[in-house]
Each structure stands twice: as structure tokens, then as C-alpha cells.
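1. Provide a 3D model corresponding to the input given below.
(one chain, ligands or ions: 2)
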Amino acid sequence: MAVQKVFIVGGGTMGRGIAQVCAQNGISVVLCDLEQKVLDEAKKQISWSAGKLIEKGKVRGQLDEVMGLIEFGTSLDKAADAEMIIEVVFENLEVKGKVLGQIGEVASKDALVASNTSAIPITDLAAFVPNPSRVLGLHFFNPVPMMAAVEVIKGKQTSQEALSLAREFVESMGKEPIMVMRDCPGFVINRINLPSSMEAMRVVEEGVASVEDIDKGVKLALGRRMGIFETGDIVGLDVTLGSLSAVYEETKDPRWHPPMILRRKVKAGQLGKKTGTGWYRYDNEGKRLGPADE
Ligand SMILES: CC(=O)CC(=O)SCCNC(=O)CCNC(=O)[C@H](O)C(C)(C)COP(=O)(O)OP(=O)(O)OC[C@H]1O[C@@H](n2cnc3c(N)ncnc32)[C@H](O)[C@@H]1OP(=O)(O)O
Ligand SMILES: NC(=O)C1=CN([C@@H]2O[C@H](COP(=O)(O)OP(=O)(O)OC[C@H]3O[C@@H](n4cnc5c(N)ncnc54)[C@H](O)[C@@H]3O)[C@@H](O)[C@H]2O)C=CC1
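-> Numbers count the residues shown, from 1 in each chain. Ligands and ions are numbered 1, 2, ... in the order given. I've put the predicted structure just below:
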């Protein structure tokens, strides 16, 4: 049976994108966050993005139909009748564990429980939920409405049935599943992508090249659509640090130790586009002004 009711907990950068893509594909969704102002911002952004995609003919239907499928709220109660619950809160095992524990108390035992974690092993998260055979990873990429890939990650106890349902769910949203058949920190794409981001940070730290020139280089020499630091600013430096820390904590491999330049920027609240400064500086409309001071 196809998933028709989704509950998303965490209405930030990723949660709102996932809610939008569900609604664009006719799926009812509740988007839940602790903060009403996050939900107000999410509503504005979804409306802008879905409106643009409808205008370009990339999404069928009317904007009010899409918006009508999304309910915004601050309580977890509505998770009770969802067939799929997606956890999209901060990249931190303790925070995610607490939320998953609360969801476990409300959700139906048959519901699929997915995490959008960037790097935390799914098996570690499944330990917080009563029925770990229904827990898996659904790792969307940013910006969700524009990126076609979704990693579908099997935890140690995830059932084949849960995995197949999740795969169908991803396909029903017009996305391409990348199946990750063995759980590991960072999964596949981040395991490949994060080392190049870390190396780019070290190149800056050593004074070998500037943020701008590295970004120019990866676009012109490697054909990437966005520079490493441009991407880092839309992802959020806190999210990158959380992801690297998760892999480092699990592996203790020094190659994954988060670079000092990243840790300093996060401490200083320079989290990227969302705070106005990260690797670059931005104005109130999100327009890039120039590189940030190192
Ligand atoms: C951290 C993790 O765990 C995992 C991750 O997610 S890592 C990050 C992965 N993501 C990436 O690497 C992003 C790579 N970038 C891209 O693929 C592309 O740059 C992109 C799809 C984001 C944008 O496309 P682009 O052609 O390069 O840029 P741009 O010219 O700005 O945008 C093209 C159009 O799309 C629109 N657009 C951009 N984002 C949009 C959105 N979210 N919704 C709707 N429209 C959007 C723009 O407004 C623009 O429209 P107009 O032409 O009408 O002005
Ligand atoms: N930002 C990115 O590019 C990507 C992030 N991810 C992952 O997605 C997850 C979320 O990341 P973002 O959306 O960037 O974070 P974010 O910081 O933009 O949003 C997280 C939201 O969760 C909310 N929240 C925290 N605790 C909550 C609770 N108990 N109940 C309800 N809401 C709660 C916060 O208020 C916040 O709005 C992380 O695990 C991250 O690693 C995955 C792919 C890409």
C-alpha cells in the first residue's frame, strides 16, 4: 500500500523541502517544529518554491492544492495516524534519540520511521524506537525540490518489506533511490563528498588558495554546478560539523576529525546563508556579497 500520510518532525532547511515534495506528489503531510516562527518561514518558502516550479511546468496542479495538503503544527500527536514518519531535526544523536523516543510513544507500530540524518548510523537511531524493523534512513539532498537523489539506508534490523515500501515512496515522489544496503557512518554520498570538503577547508587553512578560487576551480575544472563552499553555505556549517563529528565519533579515524577552521566558524555563529555569514557573506535577501573574513 502506497504511503498517503506523512508526518515530518523538524521544519528547517530539509524538513520543509521534504514536505513540499510530498505535497507536490499528492501526499498529505504534517510538518512539525518546536517553533511557530520556523513554521511560518517554512510556509513562505514552500509557497515560493512550489509556485516557481508550477509556473515553469515542472510541477502539475495549482499552488493552493499543494499548500492545502500541508498542515503545520507544533505537536507530535498527529504522528499517530501517519504511515511514514520522517525525523529531520538537528544532526545530533542525543537530540534525534529524544525525538525518536517521543515518536515511538505516539506512532502506530506499523508506521515506517525514517531519519534524514546525514551521517549517523541508522542502527544507532533505531535503538530509540520500539520497532526497529520499521526504521530506516531516507537521506534527501539540499535543495530537496531540485535534487533527484535520495539515499535509502538499511539499518541492521530494517526489514526487507520496510525497505521496499520506502523505495516505492521515494519513487512516488519522482526521486531516484540510491540503495545503501549496509549501514555505516556517512552512508555513500557523504562518505565520498565530505572528504573533499574537508580537504578544501584545509587548503584554505594552510593559505594555499582562497575560498573563491577553490570554488571557481571545482566548477571550471571539475564541472560541479556549485562550489564546495557555496554548497557548504546552503547546507549549513553546523550541519557539516555535526556530520563530520558523527563519523569521527563512530570511527575515531583522524582523517574525519573536523578541521579547526570549521569548528571556529560554528562557534562564532557563522553557519552559512541562514545566519548571513559562513564561507561567504550575504545580504538580507540571501544575495552573496563576497567572501567572509578567515
Ligand atoms: C549535507 C548532506 O547531508 C547532503 C547534501 O545535501 S550535500 C548538498 C547537495 N547539493 C548540492 O551539491 C547542490 C548542487 N547544486 C545544484 O545542483 C544546482 O546549483 C541547483 C539545483 C541548486 C540550482 O541550479 P542552478 O541552475 O545551478 O542555479 P540557479 O541559476 O540559482 O537556479 C536555477 C533556477 O532554479 C531556481 N531554484 C533554485 N532553487 C530552487 C528551489 N529550491 N525551488 C524552486 N526553484 C529553485 C532558481 O530560482 C532559478 O530560477 P530562475 O531561472 O527562474 O531564476
Ligand atoms: N542542511 C542540509 O543541507 C542537509 C541536512 N540533512 C540532515 O537533515 C537534518 C536537519 O537538517 P536541517 O534541516 O539543515 O536543520 P535545521 O537546523 O535547518 O532544522 C532543524 C529543525 O528541527 C527543529 N527541531 C529540533 N528539535 C525538535 C523537536 N524536538 N521537535 C520538533 N522540531 C525540532 C528545529 O527547531 C529546527 O527548525 C540533519 O540531520 C541534517 O544532517 C541532510 C541532508 C542535507
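
2. and the chain, which of its residues are near ligand 2?
-> Within the chain, the residues that sit near ligand 2 (CB under 6 Å from any ligand atom) are 9-15, 32-35, 38, 88-91, 95, 99, 116-118, 140-142, 235-236, 239, 242-243. Every residue, glycine included, has its C-beta placed from N, CA and C.

3. Just the buried subset of those, written out for ChimeraX, thanks.
-> Buried subset of these, written as a ChimeraX selection, criterion 16 or more other CB atoms under 10 Å:
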select :9,10,11,12,13,14,15,32,33,38,88,89,91,99,116,117,118,140,141,142,235,236,239,242,243
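
4. Report the contact partners of the residue nearest to residue 106 when sequence neighbours are not counted.
-> Leaving aside its chain neighbours, residue 106 sits nearest to residue 79 (4.7 Å; criterion: CB to CB, 6 or more residues apart in numbering). Applying CB atoms under 8 Å, 6 or more residues apart in numbering, we find residue 79 in contact with 7, 9, 30, 32, 85, 103, 106, 107, 111.

5. same thing with residue 93?
-> Residues near residue 93 by CB under 8 Å, 6+ apart: 120, 124, 125, 246.

6. Inside strands: which ones of the residues of the chain next to ligand 2?
-> Cross-referencing those against strands under DSSP state E gives 9, 32, 140.

7. could the residues you listed go into CSV alongside pLDDT?
-> Listed next are those as CSV, based on pLDDT from 0 to 100:
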residue, pLDDT
9, 98
32, 98
140, 98
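
8. Closest to residue 281 out of those residues?
-> residue 140 (27.5 Å; CB to CB).

9. Hmm, residue 116 and that closest one touching each other?
-> Yes. Residue 140 lies in contact with residue 116 (CB atoms under 8 Å); the separation is 5.8 Å.

10. Identify the contacts common to those two.
-> Here residue 140 and residue 116 share the contacting residues 14, 18, scored by CB under 8 Å, 6+ apart.

11. Is residue 170 in contact with residue 150, as I believe?
-> Yes. Between residue 170 and residue 150 there is a contact under CB under 8 Å: 4.7 Å.

12. Hmm, residue 186 is touching residue 247, no?
-> Yes. Between residue 186 and residue 247 there is a contact at 4.8 Å, judged by CB under 8 Å.

13. Need the overlap of contacts for the two.
-> Common contact partners of residue 186 and residue 247 (CB under 8 Å, 6+ apart): 119, 194.

14. And these two? Which one has more around it.
-> residue 247 (26 against 23; other CB atoms under 10 Å).

15. Look up how far residue 290 lies from the more buried one.
-> 31 Å (CB to CB, to the nearest Å).

16. Could you do residue 276 as well?
-> For residue 276, the distance to residue 290 (CB to CB) stands at 12 Å.

17. Between those two, point out the one with more neighbours.
-> Higher neighbour count among residue 276 and residue 290: residue 276, with 17 against 10, using other CB under 10 Å.

18. For ligand 2, see how far away that one is.
-> 15 Å (CB to the nearest ligand atom, to the nearest Å).

19. Report pLDDT for that residue.
-> For residue 276, the pLDDT comes out at 98.

20. got it, and residue 2?
-> With respect to pLDDT, residue 2 scores 86.

21. what's the closest non-adjacent residue to it?
-> That would be residue 172: by CB to CB, 6+ apart, it lies 6.0 Å from residue 2.

22. and the one you found, how many neighbours?
-> 15.

23. Next: the one 10 residues further on.
-> The number of residues packed around residue 182, counting by other CB under 10 Å, is 9.

24. Equivalent analysis for the one 3 residues further on, please.
-> Each residue near residue 185 was counted by other CB under 10 Å, and the total is 22.

25. hang on, it packs against residue 119?
-> Yes. Residue 185 lies in contact with residue 119 (CB under 8 Å); the separation is 5.4 Å.

26. what do the two both touch?
-> Common neighbours of residue 185 and residue 119 (CB under 8 Å, 6+ apart) are 246, 247.

27. Apart from its chain neighbours, what residue comes closest to the residue in the stretch 51-200 of the chain positioned nearest to ligand 1?
-> As assessed by CB to the nearest ligand atom, ligand 1 sits closest to residue 118 within the stretch 51-200 of the chain, at 3.2 Å. Distances taken as CB to CB, 6+ apart place residue 243 nearest to residue 118, at 4.1 Å, with adjacent residues excluded.

28. With residue 12 instead?
-> Using CB to CB, 6+ apart, the closest residue to residue 12 is residue 38 (6.4 Å).

29. can I assume that neighbour is in contact with residue 31?
-> No. Judged on CB under 8 Å, residue 38 makes no contact with residue 31 at a distance of 9.4 Å.
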